[in-house]
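**Student:** sequence below, structure please.
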Amino acid sequence: MASSLTCAGIVWAFLSFLCAAASCVGFFMPYWLLGSQLEKSVSFGTFRRCSYPVRDESRQMTVMVEQCGRYASFQAIPSAEWRICTVVTGLGCGLLLLVALTALMGCCVSELISRTVGRVAGGIQFLGGKCPFGGGMGM
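**Tutor:** Presented below is the predicted three-dimensional model:
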């Protein structure tokens, strides 16, 4: 298989893929904030949460659900800032993954990535890298 990338381009493609994968794993993991509530360890991120309180109407008290899971709906995310962070971070992860997979395809397909396509991909990758950072700063 012929490649349209130089050695530096191949290294960029693999590093891009590793960074995109790390960003996606970080986005889906619920360990952004750690703490305790009702004497139980809790953690949550923008997309998932672990050990969260719910109101048990049959017993008329608040109980801790000791499991991890995503929020039931987009509106169940605690605040508007967290919702914005979820969308912006998810968008950034998607852009990073798109560029990384395109770059990896460029390792296998000849003349897929030209100088112009590489520059555009670099710009998209820069924007994709700024999205999770900006989403986290907006909280």
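**Student:** tell me the gap between the helix or strand harbouring Gln125 and the middle of its chain.
**Tutor:** Assigned by DSSP states H and E, Gln125 falls within helix 115-137. Its chain's C-alpha centre and that of helix 115-137 lie 14 Å apart, by C-alpha atoms, centre = their mean, to the nearest Å.
**Student:** hmm, who's touching it?
**Tutor:** Here helix 115-137 makes contact (C-beta atoms under 8 Å, 6 or more residues apart in numbering) with 9, 16, 19, 23, 26-27, 46, 84-89, 91-96, 98-99, 102-103, 113. Just so you know, the C-beta spots here come from the backbone N, C-alpha and C atoms, and that holds for glycine as well.
**Student:** cutoff 6 Å now
**Tutor:** Residues outside helix 115-137 that contact it (C-beta atoms under 6 Å, 6 or more residues apart in numbering) are Ser23, Cys85, Val88, Thr89, Leu91, Gly92, Leu95, Leu96, Val99.
**Student:** which other helices and strands does the lengthiest helix in the chain contact?
**Tutor:** Counting by DSSP state H, the longest helix found in the chain is helix 80-108. Of the remaining helices and strands, those touching helix 80-108 by 3 or more C-beta pairs under 6 Å, 6 or more residues apart in numbering; DSSP states H and E are helix 7-28, helix 115-137.
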